[in-house]
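Enquirer: I would like to see how this sequence folds:
(chains A and B)
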Amino acid sequence: MILGYNHPLIDEAARAQYDKGNTVSLASPVMVELAELIVETVAAADWALFGKNGGDSTSLAVRVARAATNRKKIVKIQEGYHGVAAWMMASMATPERDVKGITDGDGADMHQIPWNDARAFEQLINEHPGEIACFISSPYDHPAGRENSLPDEGYWSKIESLCRQNGILLIVDDVRSGFRINIAGSNVSYGFTPDMICFGKAIANGYPLSALVGHESLKKTASQVFYTGSHFFQAAPMAAAKATLLEMQKVDAANQMTQFGKKLNEGLVNIASQHGYELSATGIPAMPYYRLAGVSFETHAKWIDECVTRGVYLLNYHNHFISTAHDEEDLSRTFDIVNEAFKAMGDPAQYQVA
Amino acid sequence: MDVFDTQKSDDLLTRAREVIPGGIFGHYGTSSSRP
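Expert: Reported below is the predicted structural model:
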């Protein structure tokens, strides 16, 4: 909820559209208005197609890439998450992790490389010349269960260059980080231009909507890919998305969330330090991932539990989402609660692991 | 109840083709066979 729960402007926009009609026989005018607004707002967008979940936009992106290049192979980052379609989940299967309901065929054309490793991408390209349809990745690495990592200097320039030189389409999965770094697309802040961007989650402040946007050169191919769903044309979420984008622009949401996140991170790290703990805050300030350093995961989870018990909802395995509704009062209350949580944890020496 | 002015349809369809691949029917893959 990038603007906070039950935002009156967004809910009113959705309500007004519900009165006109939501799930109707054809697309509503608001779909065109939303697509126009997205094209106007997102730098790399010449067109937009809509779905429900982020996984719809990522799966459509991969379909468009395969159709446009007439190639099969997809490259992603290790532990990169792009929804639950079989093509994606096949990449999560390891000898230690059994992913139910997928086949060897589902993963046959999936390849993975380490984050921030452009050399590995280049090597993969050399091993499979003319076979790779696309490279799909979040703009920075935000896996579950481990610290997040921003792109190294020059990483995205190198990736983009390799893609262009080898006819590989570059897809950014901005489903989580979209509009939190830069409303024009996270890629703008990282200095590169993708062929397609996937949006979801915050785009309609909680109303079910996702979007795939792309370059003009892919418009015809995108129009030839059959990808739809019974509820894809629902108008109320589109009205909500239009209102959300306009409000995010008005309040400079990305900057507001970044500033709040910086204060939150600094405060939590300092409080931890005062109690003898080391807390790492990784990822972008608007979407922080927290982990107590030098202790077991169980100890980290215990601290999280102490916070949750006292009224701050933190996660022990996932990045967090700042919203523009978070304010100084929330900050102050959070700090008070976290301070009490650390008191309850006691001496950090008892938890230190080698 | 609001009633859409169908005189505006042509304009919307034209605008849709500018920003939505295949226009308002873009999701159906205009050149693909449908199940």
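
Enquirer: what's the pLDDT at B:Arg34?
Expert: Model confidence at B:Arg34, given as pLDDT, is 44.

Enquirer: For the chain, which segments are assigned as helices?
Expert: Using chain A here. A:8-20, A:29-41, A:54-69, A:86-89, A:118-127, A:155-166, A:186-190, A:219-223, A:235-251, A:253-274, A:297-309, A:328-345 (DSSP state H).

Enquirer: Wait, chain B was what I had in mind.
Expert: B:9-19.

Enquirer: So what does A:His318 look like in phi/psi?
Expert: Dihedral angles of A:His318 (phi, psi; degrees, to the nearest 10) stand at phi -140, psi 150.

Enquirer: can you count the residues close to the closest residue to it other than its chain neighbours?
Expert: Closest residue to A:His318 apart from its sequence neighbours, by CB to CB, 6 or more residues apart in numbering or on different chains: A:Ala144 at 5.3 Å. Heads up, the C-betas are built off the backbone N, CA and C, glycines and all. The tally of other residues near A:Ala144 (other CB atoms under 10 Å in any protein chain shown) stands at 12.

Enquirer: for the one 3 residues further on, same thing?
Expert: The number of residues packed around A:Glu147, counting by other CB under 10 Å, is 16.

Enquirer: Give me the spatial nearest neighbour of it, chain neighbours excluded.
Expert: A:Thr282 (4.3 Å).

Enquirer: what about the stretch 251-354 of chain A, any weak spots by pLDDT?
Expert: Across the stretch 251-354 of chain A, the ranges flagged by pLDDT under 70 are A:354.

Enquirer: A:Leu37 reaches A:Leu245, doesn't it?
Expert: Yes - applying CB atoms under 8 Å as the test, A:Leu37 and A:Leu245 come out as touching, 5.6 Å apart.

Enquirer: Settle it for me: which of these two has more neighbours?
Expert: Set side by side, A:Leu37 and A:Leu245 show more neighbours around A:Leu245, with 22 against 18, by other CB under 10 Å.

Enquirer: can you pull the pLDDT of that one?
Expert: pLDDT at A:Leu245 comes out at 98.

Enquirer: try the one 3 residues further on
Expert: Confidence per residue is given as pLDDT, and for A:Met248 that number is 98.

Enquirer: That one: how many residues sit nearby?
Expert: For A:Met248, using other CB under 10 Å, the count is 23.

Enquirer: what's the spacing between the closest residue to A:Ser296 other than its chain neighbours and A:His300?
Expert: Leaving aside its chain neighbours, A:Ser296 sits nearest to A:Val353 (5.5 Å; criterion: CB to CB, 6+ apart). Going from A:Val353 to A:His300 by CB to CB, to the nearest Å gives 11 Å.

Enquirer: and what of A:Gly311?
Expert: 19 Å.

Enquirer: A:Val353 and A:His300: which has the busier surroundings?
Expert: A:His300 (20 against 8).

Enquirer: Might you report the residue contacts of that one?
Expert: Listed by CB atoms under 8 Å, 6 or more residues apart in numbering or on different chains, the contact set of A:His300 reads A:291-292, A:316.

Enquirer: same check, this time on A:Leu169
Expert: A:64-65, A:68-69, A:133-135, A:163, A:195-196, A:218.

Enquirer: Would you format those as JSON lines with pLDDT included?
Expert: JSON lines is the format used below for the contacts of A:Leu169 (pLDDT from 0 to 100):
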{"residue": "A:Val64", "pLDDT": "97"}
{"residue": "A:Ala65", "pLDDT": "98"}
{"residue": "A:Ala68", "pLDDT": "98"}
{"residue": "A:Thr69", "pLDDT": "98"}
{"residue": "A:Ala133", "pLDDT": "98"}
{"residue": "A:Cys134", "pLDDT": "98"}
{"residue": "A:Phe135", "pLDDT": "98"}
{"residue": "A:Cys163", "pLDDT": "98"}
{"residue": "A:Asp195", "pLDDT": "98"}
{"residue": "A:Met196", "pLDDT": "98"}
{"residue": "A:Leu218", "pLDDT": "98"}
